[in-house]
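A.B. asks: okay, predicted coordinates and the sequence, questions at the end:
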Amino acid sequence: MDLTSLLRPKNFDDFVGQKHLLAVDAPLRILAQKGALGHSFFYGPAGVGKTSLARIIAKTMEMDFYEFNATSLKIDELRKLFSRYQNALIKPLVFIDEVHRLSKNQQEVLLPVMEKNEALILGASTSNPYHSLTSAIRSRSLLFELKPLEDEDLLKLLERALEMCGCDINIEAKEYLVKSSGGDARAMLKLLEFASEMEKEIDKPLLRSLRPNALSRGVSEADVHYDLISAFIKSVRGSDVDAAIYYLARMIEEGESADFIARRLVVLASEDIGLANPNALSLATATLTAVKEIGFPEARIILSECTLYLASSPKSNTAYKAINTAQKAVREGDILEIPKNIVHNKEGYLYPHDFGGYVKQKYLSKERHFVDFKTNGYEKKIKEWYEQIRKL
């Protein structure tokens, strides 16, 4: 039984989640219902309804629907399709999944079609397509972010699925299905399918035998999930290696995903260690890359190494405070004129390397002070270097 296909929404009202896009007063829904939606690209994690949304839009706007995947898309296929509709009264809706994989040549084929509105182009990606799409494509399109489904959304879908598969399932197993799926409806329904093939009475041990760890969020109660990550970060920030490693173990055992923990460590490496040990960011970034490739159980060792390194590193929040102070000034209207000597292609700029690495010149039109270096760890050396340069 393919629960994903059976539960695919047929209209906006059937769609579960994404209320910011699909509520009755949401712009995307209003534009689609008025037949006025333009070329659009959807991005967000897997299993949140990007393809289903494209199909509903095609049905709502009464357009022929054509689905492609950028990994196997051929330019000739697009040209033949567009040629077929060249003199037709209706336009096709062309949906391209994994749109971030489109080549420049493929995008160039789409561009005149988008420009002349000969077809409605919709695309989907698991990452923000801003950097993969050309500026010409982006300027003719709308970008919409789809978010991971909330637990209540997944539970609603789960109840519908259970009516179809006729399984007996206890509350603990329901909770595991929802919380271990990380906002991914497809992942939840597939796990239920596999479990129902094995047993008609589904419990948590059966589900854990199929999925030992959560996909992206913890399987513990929401409050415990946030309390654990908070305690973990504060322990690393506070340089308590034993507490940090304990909370790391708790999160791993309760099903937290490796990449979620690693992402938090990357942020901490900049926010709390920063210039006191610049290598911390490199190690944390490498950790994030490694755990995505390796996964549990081995990822626990990589996370442990990074955690211990960050917890035992000297701490500095100089970078964090500096950017906060500068942004606050800009938000409050402190917009300074750029000095003429550093404007692009203007004469008067003094190239520091022609003067041994430093030369005094104006970079701000008015004096401002945002950065206060500390004397923790490597930052002490940075502070000394900076002060020595300024004395030249």
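C.D. replies: That came in fine, so what should we check first? Just so it is clear, the model here is predicted, and its values are computed rather than measured.
A.B. asks: which residues does the most centrally placed residue in the chain contact?
C.D. replies: The residue lying closest to the centre of the chain (CA atoms, centre = their mean) is residue 127, at 6.2 Å. Going by CB atoms under 8 Å, 6 or more residues apart in numbering, residue 127 touches 43, 100. C-beta here means a position set from N, CA and C on the backbone, and glycine is covered the same way.
A.B. asks: just the buried residues of whichever strand or helix holds residue 304, please?
C.D. replies: Using DSSP states H and E, residue 304 maps to helix 299-311. Going by neighbour count (16 or more other CB atoms under 10 Å), the buried part of helix 299-311 is 299, 300, 302, 303, 304, 306, 307, 308, 309, 310, 311.
A.B. asks: right, and out of these, which lies closest to residue 121?
C.D. replies: Nearest to residue 121 among those, counting by CB to CB, is residue 299 at 38.5 Å.
A.B. asks: tell me where the model's unsure across the stretch 151-300 of the chain.
C.D. replies: In the predicted model of the stretch 151-300 of the chain, residues 213-225 satisfy pLDDT under 70.
A.B. asks: coming back round to it: hang on, the residue nearest to the centre of the chain in a helix?
C.D. replies: No. If the criterion is DSSP: H, G, I helix; E, B strand; the rest coil, then residue 127 is coil and not within a helix.
A.B. asks: check it and give its pLDDT.
C.D. replies: Residue 127 carries a pLDDT score of 76 in this model.
A.B. asks: measure how buried residue 144 is and give me the count.
C.D. replies: If you count neighbours by other CB atoms under 10 Å, residue 144 ends up with 20.
A.B. asks: roughly how far does it sit from residue 380?
C.D. replies: Residue 144 sits 47 Å away from residue 380, going by CB to CB, to the nearest Å.
A.B. asks: quick one: contacts for residue 268?
C.D. replies: Contacts of residue 268 (CB under 8 Å, 6+ apart): 233, 236, 237, 284, 310.
A.B. asks: now for those, which pair is the farthest apart?
C.D. replies: 237 and 284 (13.4 Å).
A.B. asks: and residue 88, how close does it get to residue 80?
C.D. replies: According to CB to CB, residue 88 and residue 80 sit 14 Å apart.
A.B. asks: show me the strands in the chain, by range?
C.D. replies: Under the criterion DSSP state E, the chain carries strands at the ranges 40-43, 64-69, 92-97, 120-125, 142-145, 168-169, 201-202.
A.B. asks: switch those over to CSV; also include distance to residue 22.
C.D. replies: Listed next are the strands of the chain as CSV, based on distance: least, CB to CB, whole Å:
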stretch, distance to residue 22
strand 40-43, 12
strand 64-69, 18
strand 92-97, 17
strand 120-125, 15
strand 142-145, 10
strand 168-169, 28
strand 201-202, 31
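A.B. asks: just so I know, which of those strands lies nearest residue 21?
C.D. replies: strand 142-145 (5.9 Å).
A.B. asks: just the CA trace of that closest one, in PDB.
C.D. replies: What follows is strand 142-145, C-alpha atoms only, in PDB (Å, rounded to 0.1, in the frame of the first residue of the first chain):
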ATOM      1  CA  LEU A 142       8.700  34.300  -7.000                       C
ATOM      2  CA  LEU A 143      10.500  32.200  -4.400                       C
ATOM      3  CA  PHE A 144       8.500  30.400  -1.700                       C
ATOM      4  CA  GLU A 145       9.900  28.600   1.300                       C
END
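A.B. asks: which outside residues touch that strand?
C.D. replies: With CB under 8 Å, 6+ apart as the test, strand 142-145 has contacts from 21, 28, 37-44, 128-130.
A.B. asks: at 10 Å what do you get?
C.D. replies: 18, 20-21, 26-28, 31, 37-44, 48, 50, 53, 122-125, 128-130, 133 (CB atoms under 10 Å, 6 or more residues apart in numbering).
A.B. asks: distance from stretch 72-84 to the middle of the chain?
C.D. replies: Offset of stretch 72-84 from its chain centre (CA atoms, centre = their mean, to the nearest Å): 31 Å.
A.B. asks: from the rest of the structure, what touches that stretch?
C.D. replies: 64, 66, 68, 91-92, 94, 96-99, 101-103, 105-106, 108-110, 112-113, 116, 118-119, 121.
A.B. asks: and with 6 Å instead?
C.D. replies: Outside stretch 72-84, the residues that touch it by CB atoms under 6 Å, 6 or more residues apart in numbering are 109, 113.
A.B. asks: ranges for the helices of the stretch 1-150 of the chain?
C.D. replies: For the stretch 1-150 of the chain, the helices defined by DSSP state H, counting those that start in this stretch occupy 3-6, 19-22, 27-33, 50-60, 75-84, 104-115, 135-139.
A.B. asks: out of these, indicate the one that is most buried.
C.D. replies: helix 50-60 (a mean of 20; mean count of other CB atoms under 10 Å).
A.B. asks: what about residue 47, neighbour count?
C.D. replies: Using other CB under 10 Å: residue 47 sits among 23 other residues.
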